[in-house]
Structures are given as structure tokens and as C-alpha cells.
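In: Curious how this folds, go ahead:
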Amino acid sequence: MTVRNIASICNMGTNASALEKDIGPEQFPVNEHYFGLVNFGNTCYCNSVLQALYSCRPFRENVLAYKAQQKKRENLLTCLADLFHSIATQKKKVGVIPPKKFISRLRKENDLFDNYMQQDAHEFLNYLLNTVADILQDEKKQEKQNGRLKNNGTPVATETEPENKTEPTWVHDIFQGTLTNETRCLNCETVSSKDEDFLDLSVDVEQNTSITHCLRDFSNTETLCSEYKYYCETCCSKQEAQKRMRVKRLPMILALHLKRFKYMEQLHRYTKLSYRVVFPLELRLFNTSGDAVNLDRMYDLVAVVVHCGREHKQIWRRVNVTILNRRRTPTTSQDKVSSCLKEGLRNRPFHVVILYKLP
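Out: Have a look, this model is predicted:
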């Protein structure tokens, strides 16, 4: 059994019964379903991300729980919940489902996706996660406002809260991590830090590199000098400084985006990269801050979304590693994953979104 067989179910034309026979019923995890999503002209970018998110159990379970208590008007999250519920309740293990309702709602809510041009999976992932979080926060805010009213509609006295205060949702619980931006003045040695939250990390790629190397480069120390000097509050003047970004809080699901564009100064434009990138089935982050917790936690690879091809022949493909992980050997599994994606990552420009999960 290879990852290429598993990946094939992501495409519309897959023979589901042949795939099930090839995999063998004993290899399917209990209560898991592997359903391809019909491509409506250019929606493979969307389908691949949806399947990758469905593979993330914490995200899937929260979406299905939302479906169970849903008494709301239609929005993007209700359509997503309906789609996930449709997959989860299928009697067959493999097959194909048309996500027509979700795609229609997506195109209705955002003009960016309301066309037949190929879109970027990373942009869609960001949009979807932020939209779901906004929906949940708006609903929570509405519930609080309703709770402050008596039956006759008069306000109930409550402690005042900042109007712009937003509470984290299960989207944040799953995907949100924290980066700390550390800057050290080279004159007085004062170190200042500023935290910022993230739902995904976008990292640069170099030729013949690995995910681990990309993450190390992400946290490389940068020297601020010349016209880019840092204004030091202690020195009350601009000084040379060193700056670096490190991970302070690990997210439950780590979403990595490999950048495929690089600005070439000699050409004065961005060019596409076709570098091959190696990624492991298990990942440990080393670029963490000194006060980070759970430094030794190991991430497991959940899904990879890769863009292959050019122009009208381009396609997004999602590779699920769930079945493969059940038959893991020390080296063979990674080789199989790499061989499946080698064509897409070595010889042509690519986008890659990779999801890792803490056990």
C-alpha cells in the first residue's frame, strides 16, 4: 500500500471500490471514512484543504458537535458541518461526495472564490479558519447579549466588559500558537520581546532542504543596522540590534505553509521556486523560546496539501497519512510519502500546506 493509492481518493475520477480493494478492509481505521470531493471546475484547492481538515480529528469533532446543536441560519460553518456530517455518517468506507452546498455558500460570501480561476489553498485555509472563528465569536457575543436581558426585554445589571474583547474559540484552541519576537540592543544588551498569535506559519524554502531546516531558518538571528537600526527605549536612540522570532506556545495542530515565491533583486520581480523539500512523519520544534512549555512534544504528520502542474492542468492533491502511519516502519513510510510527492515538489513550482498534530 502506497500513499499514492490513498491520495487518489482525493480526486473526482477515483474508482472507490478498486481503492477499497487495493487497501484492504483490515487497513481502515475504525470509524474512518475516505471520501473524495467532486471538483466543480476549479475547486480542488478547496476540496484538498477540506479533506486535510477532516483528517484533523480535533477540528472534525468540533465541527460535528456544532452540527449536533445547530439551530442557526445558514452560514459557512453550518455548510461545513453538513458536509462533514455527510461524510462521517456514510455506510461505505470510501466514495465520492459533491460539496455543492459548501461551495455555493463560499462563492456567495467571498468574491475571491466566486470564479473559475485556480485559487491558493493557503489563502483558502486562512479564510476558512478565520471565518469559522468569527462566526463562533459572533454567536457567543449574541448569546451573552441575550443573557443580559430579562424575559420582558429589560437589561440585567452586569459587570462592564470592553466591547472589543473577543474570547478564544475552539479554532484558536486547536490551531493557535504564540510567537515571541525578541530584539536585543547591541549597545546596552537590553532584550525586549513582543508576543503575537498565529494560526499558521509561512516559511521560506531553499534548495534541497527539509522542514526542520526551514523552521530553523525561520528563527535565524537577523542583524538590524544602517537604515534599519532599532530604536532602543533604554538608550533613547537608534542602535544596531539583533532580532529573532521563536515559538513560545505550541499549537495543537501546526499548520505550515511553504512559500513558493522569492523576490529576485536582479530580476526585480518574484519568481516561482521548484525546490524539493523533505518532511518527516514526526517533527520536533527546536526554535522555541526559553519560557516555552512542553518543549519535547513531538508532532505527527496528519496531512499534506500539494499543488502540482501548470495553468489549466494544475491540480491540488491532499495526501492522507492515517493508514500509512498504522503500518509505519523506521524509514519506509517517509520514503513512500516523499516518492508520492516527488513529482510535484521537484520539477515544477509548487504550493505546500502541511499539517502536524500533537499526540
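In: From here on, just use CA atoms for contacts and neighbour counts.
Out: Fine.
In: For L256, see how far away I135 is.
Out: 24 Å (Cα to Cα, to the nearest Å).
In: between those two, which one's more packed in?
Out: L256 (20 against 16; other Cα atoms under 10 Å).
In: which element is H307 on?
Out: strand 299-308 (DSSP states H and E).
In: in that strand, what's buried?
Out: Of the residues in strand 299-308, 299-308 count as buried by neighbour count, 16 or more other Cα atoms under 10 Å.
In: Which other helices and strands does that strand contact?
Out: Packing partners of strand 299-308 (3 or more Cα pairs under 8 Å, 6 or more residues apart in numbering; DSSP states H and E): helix 44-55, strand 282-283, strand 315-320, helix 332-346, strand 352-357.
In: By mean pLDDT, show me the worst of the ones you listed.
Out: Out of those, helix 332-346 stands lowest, with a mean of 45 (criterion: mean pLDDT).
In: now the angle between strand 352-357 and the strand or helix carrying H257, please.
Out: Element membership of H257, judged by DSSP H and E, is strand 253-258. Using axes from the mean of the first three to the mean of the last three Cα atoms, to 10 degrees, the inter-axis angle of strand 253-258 relative to strand 352-357 is 160 degrees.
In: Flag the helix or strand of the protein with the lowest per-element mean pLDDT.
Out: Least confident helix or strand, the chain: helix 322-325 with a mean of 40, by mean pLDDT, DSSP states H and E.
In: Would you point out which residue is most central in the protein?
Out: The chain has A255 as the residue nearest its centroid, 3.7 Å off, counting by Cα atoms, centre = their mean.
In: For that one, give its distance to V304.
Out: Counting by Cα to Cα, the gap from A255 to V304 is 10 Å.
In: Rounded mean pLDDT for the strand holding H307, please.
Out: 85.
In: Alpha carbons only: can I get that strand in PDB?
Out: What follows is strand 299-308 as a C-alpha-only set of coordinates in PDB (Å, rounded to 0.1, in the frame of the first residue of the first chain):
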ATOM      1  CA  TYR A 299       4.300  16.400  16.200                       C
ATOM      2  CA  ASP A 300       2.900  13.600  14.000                       C
ATOM      3  CA  LEU A 301       2.200  14.300  10.300                       C
ATOM      4  CA  VAL A 302      -1.500  14.400   9.600                       C
ATOM      5  CA  ALA A 303      -1.900  15.600   6.000                       C
ATOM      6  CA  VAL A 304      -0.100  17.300   3.100                       C
ATOM      7  CA  VAL A 305      -1.700  19.500   0.500                       C
ATOM      8  CA  VAL A 306       0.400  19.900  -2.600                       C
ATOM      9  CA  HIS A 307      -0.100  21.800  -5.800                       C
ATOM     10  CA  CYS A 308       1.000  20.100  -9.000                       C
END
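In: Can you list the strands that it pairs with?
Out: Strand 299-308 pairs in its sheet with strand 282-283 (antiparallel), strand 315-320 (antiparallel), strand 352-357 (antiparallel), by DSSP bridges.
In: Just want the angle from it to helix 44-55.
Out: In terms of direction (the same axes, to 10 degrees), strand 299-308 departs from helix 44-55 by 170 degrees.
In: what about the helices in the protein?
Out: 3-8, 16-23, 44-55, 57-68, 76-88, 100-109, 121-147, 170-175, 211-218, 322-325, 332-346 (DSSP state H).
In: And the third one, what does it pack against?
Out: Judged by 3+ Cα pairs under 8 Å, 6+ apart, helix 44-55 is in contact with helix 57-68, helix 121-147, strand 299-308, strand 315-320.
In: Run through the residues that contact the residue nearest to the centre of the chain.
Out: 175, 199-201, 353-356 (Cα atoms under 8 Å, 6 or more residues apart in numbering).
In: PyMOL command for the buried members of the residues you listed?
Out: Those of the contacts of A255 that count as buried under 16+ other Cα under 10 Å are selected in PyMOL with:
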select buried, resi 175+199+200+353+354+355+356
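In: if we can go back for a sec, pull up the pairing partners for the strand holding H257, direction included.
Out: Strand pairing (DSSP bridges) places strand 253-258 next to strand 201-203 (parallel), strand 352-357 (antiparallel).
In: Now distance to T209 too, for the ones you listed, in a markdown table please.
Out: A markdown table is the format used below for those (distance: least, Cα to Cα, whole Å):
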| stretch | distance to T209 |
| --- | --- |
| strand 201-203 | 12 |
| strand 352-357 | 14 |
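In: So for F35, which of those sits nearest?
Out: In terms of Cα to Cα, the element of those nearest to F35 is strand 352-357, at 18.8 Å.
In: can you list the residues that contact the closest one?
Out: 52, 56, 121-122, 252-259, 283, 299-307.
In: For the closest residue to K272 other than its chain neighbours, give me its contacts.
Out: Closest residue in space to K272, ignoring its immediate chain neighbours: F261 at 4.7 Å, by Cα to Cα, 6 or more residues apart in numbering. With contacts taken as Cα under 8 Å, 6+ apart, F261 has the following neighbours: 270-273.
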